[in-house]
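Undergrad: Just need the structure, nothing else, for what follows:
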Amino acid sequence: MKIAVKDVLEIDYEKALAVIKDFVINYFEATRADIFVIGLSGGIDSSTLLAVLAESVDREKITALILPDTRVTPKEDVDDAVSLAEKYGVRYHVIEIDRIVDSFSVIPGFNIDGRLDTGNLRARVRMAIMYYYANRYNGIVAGSSDRSELLIGYFTKYGDGGADILPLGCLFKTQVRMLGRRLGLPRRITEKPSSPRLWRDHLAEEEIGLKYEEVDLILYGLFDKKLPPDKVAEATGVPEKAVEKVLKMHYSSRHKRRFPPVPSLPWNNNPIRELDYL
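TA: Numbering: from 1, shown residues only. Down below sits the predicted model:
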């Protein structure tokens, strides 16, 4: 068996979009929310999410929050986000988070130039703002994480991973890019390098150490074709070290995809089990 990038990309996008739209509509109606709140960064995932939501619900029911830290967020990203919100005619607010991040300087040892620590803080500040807005206006937060990010844990726990619904969580990153093109997003967005913009010049593929085409090939082989790791390397032509790296990222990030563990007492061996008859 040989697996190529085209095998990942050649899905029925019309069917996928129809399924995602039904999922969004049904969830929105079931929650009886008034609005969707999304964080719009100007990147491929959040831009595609906005386009999907705009095709799913009335556009006055969508609020986009653009949340730059001006020290690390390129102006062109903000401009792209504003332009897209205006294109779709949705309500939006640009909220610079610089001063909010700076307020954490009360923490002993706080370092504004930190990468992982301060970068994740930025993601969590953004999440807190979105949930404040959702609580204030009876909204639900739609997150833009894709399947690639979820499977390798490339998201901030309780940051961009904090959402009520993940409509793009069924699509690999490369598939999201293709869907974005099909939905008519500008080329400057569909071809923009992926980045959560947690620090200056932050690029996802540089941090991961692999191209998303490689990551998606590996994940497709492991999860969709259910091949063992050595066969994934053989089928895709990707080095075994790359497969091992993706597997390690998947296993080490399991805690991000699970509810925090709870101890079981002798008389209650599953304290947070859902009732299955409701």
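Undergrad: mind checking the SS state of Val215?
TA: Here Val215 is recorded as helix under DSSP: H, G, I helix; E, B strand; the rest coil.
Undergrad: Tell me which residues touch it, please.
TA: Contacts for Val215 (Cβ atoms under 8 Å, 6 or more residues apart in numbering) come out as 148, 152, 173, 208, 246. For every residue, glycine as well, the C-beta is placed using N, CA and C.
Undergrad: ok, which pair from the residues you listed is furthest apart?
TA: Between all members of the contacts of Val215, the longest pairwise span (Cβ to Cβ) is found for Lys173 and Val246 and amounts to 12.7 Å.
Undergrad: helices and strands around the lengthiest helix in the chain, which ones?
TA: Ranked by residue count under DSSP state H, the longest helix found in the chain is helix 116-136. When contacts are defined as 3 or more Cβ pairs under 8 Å, 6 or more residues apart in numbering; DSSP states H and E, helix 116-136 packs onto strand 35-39, strand 62-66, helix 98-102, strand 139-141.
Undergrad: so can I have JSON lines of those showing distance to Glu240 and mean pLDDT?
TA: As requested, the helices and strands packed on helix 116-136 are arranged in JSON lines below (distance: least, Cβ to Cβ, whole Å; pLDDT from 0 to 100):
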{"stretch": "strand 35-39", "distance to Glu240": "37", "mean pLDDT": "98"}
{"stretch": "strand 62-66", "distance to Glu240": "42", "mean pLDDT": "98"}
{"stretch": "helix 98-102", "distance to Glu240": "40", "mean pLDDT": "97"}
{"stretch": "strand 139-141", "distance to Glu240": "39", "mean pLDDT": "98"}
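Undergrad: Tabulate the ones you listed (TSV), appending distance to Gly184 and mean neighbour count.
TA: TSV is the format used below for the helices and strands packed on helix 116-136 (distance: least, Cβ to Cβ, whole Å; neighbours: other Cβ atoms under 10 Å):
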stretch	distance to Gly184	mean neighbour count
strand 35-39	18	24
strand 62-66	17	24
helix 98-102	33	14
strand 139-141	25	21
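Undergrad: need those in CSV with distance to Ala85, can you?
TA: Formatted as CSV, those follow (distance: least, Cβ to Cβ, whole Å):
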stretch, distance to Ala85
strand 35-39, 10
strand 62-66, 5
helix 98-102, 21
strand 139-141, 16
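Undergrad: Relative to Leu198, which of those is closest?
TA: Using Cβ to Cβ as the measure, helix 98-102 is the one of the helices and strands packed on helix 116-136 that comes nearest Leu198, at 10.9 Å.
Undergrad: Other residues contacting that closest one?
TA: Counting contacts by Cβ under 8 Å, 6+ apart, the residues touching helix 98-102 from outside are 69-71, 112, 118, 121-122, 125, 129.
Undergrad: Over to stretch 187-195?
TA: When contacts are defined by Cβ under 8 Å, 6+ apart, stretch 187-195 is touched by residues 42-45, 47, 80, 84, 173, 177, 180-181, 202-205, 212.
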